[in-house]
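In: here is my input; please provide its structure:
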Amino acid sequence: RTLAHELRNPLASIGMSANILEKLIQGTQKKELQNYIDIIERSTATLNNLVTDLLSVSNYSKPKLEKCCLAKTMNKALIHAKDRIFLAGITIKKKYRGSYFIHADEEKLKIALLNIIVNASEAMMPDEGILQISINKKKGNYILQVTDNG
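Out: A predicted model of the protein is given here:
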């Protein structure tokens, strides 16, 4: 199930890139198209790696709770979604700095955050989306807030 969610993101990037390439190919130069070609290549590599993981994993793995930084994990999720963010023309506004250490399964947390980013990107209008992300400390806990304008 987790891998199925991860497959959606690169598949969407491939589809969006193909649509944009189809529109641009009518008289532009290859240099202008190179960014979209790079996105297709990165997304394809991601899919190949996920399929390999899918074939090698047979059981659900229990969460491995370890100390990790919530901000760094969010940044990793944003990097993983950078193609979708670029293609949808989304502006990211981060309102956090520093370290926010928690105990979590970082990989599972990254996937959950990625799903939130993907859902937000689907809710926003192309080239008008603003995704605001903040992390605040309150009474010994951290509050992660993700807000979109969709």
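In: can you map out the strands along this structure?
Out: 66-69, 91-95, 101-104, 130-138, 141-148 (DSSP state E).
In: dump those strands to CSV, plus distance to N19 and mean neighbour count.
Out: Where you see a C-beta, it was placed from the backbone N, CA and C, and this is true even at glycine. Formatted as CSV, the strands of the chain follow (distance: least, CB to CB, whole Å; neighbours: other CB atoms under 10 Å):
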stretch, distance to N19, mean neighbour count
strand 66-69, 36, 14
strand 91-95, 21, 12
strand 101-104, 36, 14
strand 130-138, 21, 15
strand 141-148, 22, 13
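In: now do the helix ranked longest in the chain: which elements does it pack against?
Out: Determined from DSSP state H, the single longest helix within the chain is helix 30-56. Applying 3 or more CB pairs under 8 Å, 6 or more residues apart in numbering; DSSP states H and E, we find helix 30-56 packed against helix 2-24, helix 82-88.
In: of the ones you listed, which shows the lowest average pLDDT?
Out: When these are compared by mean pLDDT, helix 2-24 comes last with a mean of 75.
In: for this structure, give me the ranges with low pLDDT.
Out: Under the criterion pLDDT under 70, the flagged ranges of the chain are 1-5, 26-30, 52, 54-60.
In: please identify the most buried of the helices and strands packed on helix 30-56.
Out: Ranked by mean neighbour count, the helices and strands packed on helix 30-56 are led by helix 82-88 with a mean of 19 (mean count of other CB atoms under 10 Å).
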